[in-house]
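A.B. asks: show me the folded form of this:
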Amino acid sequence: MSPVLVARLDGAGDVLLAGPAVRAVARGHDARTPDRLLFLCGPEGQAAAAMLPGVTEVFSWSAPWIVNPPVEATIAHLDQLVNYVRDSRIGEAVILTSFHQSPLPLALLLRRAGVRRITGASTDYAGSLLDVRLIPGEDFPEEQPEARRALGIAGAAGFHLPAGDDGRLQVSGVADARALVGDGPYIVVHPGAAVPARSWPVLHHVAAVELLQGAGRRVVVTGGPGETDLTATVAGPSALDLGGRTDFKTLAGVIAGASVLITGNTGPAHLAAAVGTPVVSLFSPVVPAIKWAPYKVPLELLGDQEAPCKLSRARECPIPGHPCLASVSPEQVVEAAERLIHGVASISSRLRTPPPVDPPLGDWRDLR
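C.D. replies: Predicted structure coming up:
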């Protein structure tokens, strides 16, 4: 079977949510396993894609219709992708998208590169750009987790998870972070977010860290190279500040060793799901939790999911005071972390997130 391309042109969190679909494609169909599985992602998703089981090669490319701010759609830039796909002799592609994205621009480029069979989900008429076209809302429900949506697209192409694979997120190559974090249990606090509308206030983070330490919990604060001022502020004088000190594999190791992760709707939340660490999710409703909450992992979902910013997809909070998350107190976050440590998630979190077992398609239609 010729090489297969799986595309998810977004950041790390979205790439991690594509993991179960990738494993399905890697298994092949009709008893045929792909010679190679190539993963196409944006620059921010490259490190995550490299850790997905089943991926043999990663190609990073900035899609002019996805990245923000956009790159210029020059012939030279578009040909970078076309030439890669053509040179790789890719025969089939599975394009994974969210509800607000179209697979058609990428499908057009893949056709130009000679890809013979392409599968995607498109509300718009696809003509000859897609060989297998799913119509959202008709062929599958939109009110479902992103990981299940991706599995549905892969399934339409004929790729299915093997028996015994429960569809959870997975990563490989997790680094041993014990030299960084030291001995004893700890809680990770990741205060940063790529989108400001999804950030819990800084002083709330500071207070939560102080309360956790006052309760005898050891706290590790993580963040990227551009977030060192933020992590230093949140860590204060006594929490362990790892801001700027972890690459993606090491961050996975830090989170894997934690009792709980406290963070917003961020890539590290999905990384926690991939390594099985419970998550206190400070979730802004600018996107729906049923789609993007941490998947199949013990979870406390906090934040006003009915706030006026609901489903706005805003990058900057449109409501003065950022009430959807500012209304969550540090005490509530600490209580949520303690519940997860003791293995009992709150009823409200269970009601606002999908059940742990994938229901039949009809059941999801009944829930909409």
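A.B. asks: contacts and neighbour counts: CA atoms only from here.
C.D. replies: Fine.
A.B. asks: how far away is Met43 from Asp87?
C.D. replies: Quick fix: residue 43 is Pro, not Met. 21 Å (CA to CA, to the nearest Å).
A.B. asks: more neighbours: those two, which one.
C.D. replies: Using other CA atoms under 10 Å as the criterion, Pro43 and Asp87 rank with Pro43 on top: 17 against 10.
A.B. asks: you'd agree that one is up against Trp61?
C.D. replies: Yes. Counting by CA atoms under 8 Å, Trp61 is a contact partner of Pro43 at 6.3 Å.
A.B. asks: and the helix or strand harbouring Ala7, average pLDDT?
C.D. replies: Per DSSP states H and E, Ala7 falls inside strand 4-8. Across strand 4-8, pLDDT averages out at 98.
A.B. asks: only alpha carbons, please: show stretch 278-290 as CSV.
C.D. replies: Taking Å, rounded to 0.1, in the frame of the first residue of the first chain, the C-alpha atoms of stretch 278-290 are listed here in CSV:
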residue,chain,number,x,y,z
PRO,A,278,-6.0,14.3,35.5
VAL,A,279,-6.8,17.9,34.5
VAL,A,280,-8.4,20.9,36.2
SER,A,281,-9.5,22.7,33.0
LEU,A,282,-10.1,26.4,33.2
PHE,A,283,-12.2,26.3,30.1
SER,A,284,-13.4,29.5,28.4
PRO,A,285,-16.6,28.9,26.4
VAL,A,286,-15.4,30.7,23.3
VAL,A,287,-15.2,27.2,21.9
PRO,A,288,-17.5,24.3,23.1
ALA,A,289,-16.2,22.1,25.8
ILE,A,290,-17.9,19.0,24.3
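A.B. asks: so for it, mean pLDDT?
C.D. replies: pLDDT averaged over stretch 278-290 gives 93.
A.B. asks: the strands in the stretch 201-350 of the chain, which residues?
C.D. replies: Per DSSP state E, counting those that start in this stretch, the stretch 201-350 of the chain carries strands over the ranges 219-221, 240-241, 260-264, 279-282, 299-302.
A.B. asks: could I get those as TSV with distance to Ser98 and mean neighbour count?
C.D. replies: As requested, the strands of the stretch 201-350 of the chain are exported to TSV (distance: least, CA to CA, whole Å; neighbours: other CA atoms under 10 Å):
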stretch	distance to Ser98	mean neighbour count
strand 219-221	30	25
strand 240-241	34	22
strand 260-264	19	27
strand 279-282	21	27
strand 299-302	21	27
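A.B. asks: compare the ones you listed and report which one is nearest to Ser199.
C.D. replies: Smallest distance to Ser199 across those (CA to CA): 6.2 Å, for strand 260-264.
A.B. asks: list of residues touching the closest one?
C.D. replies: Outside strand 260-264, the residues within contact range by CA atoms under 8 Å, 6 or more residues apart in numbering are 186-193, 198-200, 255, 269, 272, 277-284, 333, 337, 340-341.
A.B. asks: try stretch 45-63
C.D. replies: Residues outside stretch 45-63 that contact it (CA under 8 Å, 6+ apart): 9-16, 19, 22-23, 26, 36-43, 70-71, 81, 170-173, 248-249.
A.B. asks: endpoints of it, how far apart?
C.D. replies: Start-to-end span of stretch 45-63 (CA to CA) is 12 Å.
A.B. asks: and for stretch 7-16?
C.D. replies: Start-to-end, stretch 7-16 (CA to CA) is 12 Å.
A.B. asks: make 52 the first number, not 1, from now on.
C.D. replies: Done: numbering now begins at 52, and the last item shifts to stretch 58-67.
A.B. asks: and that stretch, how far from the chain's centre?
C.D. replies: For stretch 58-67, the distance from its own C-alpha centre to the chain's C-alpha centre is 7 Å (CA atoms, centre = their mean, to the nearest Å).
A.B. asks: contact partners of it?
C.D. replies: When contacts are defined by CA under 8 Å, 6+ apart, stretch 58-67 is touched by residues 69, 90-100, 103, 112-114, 117-118, 144-148, 220-221, 317-322, 325.
A.B. asks: in CSV, list the strands of the stretch 252-401 of the chain along with distance to Glu194.
C.D. replies: Output for the strands of the stretch 252-401 of the chain, formatted as CSV (distance: least, CA to CA, whole Å):
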stretch, distance to Glu194
strand 270-272, 33
strand 291-292, 38
strand 311-315, 21
strand 330-333, 19
strand 350-353, 17
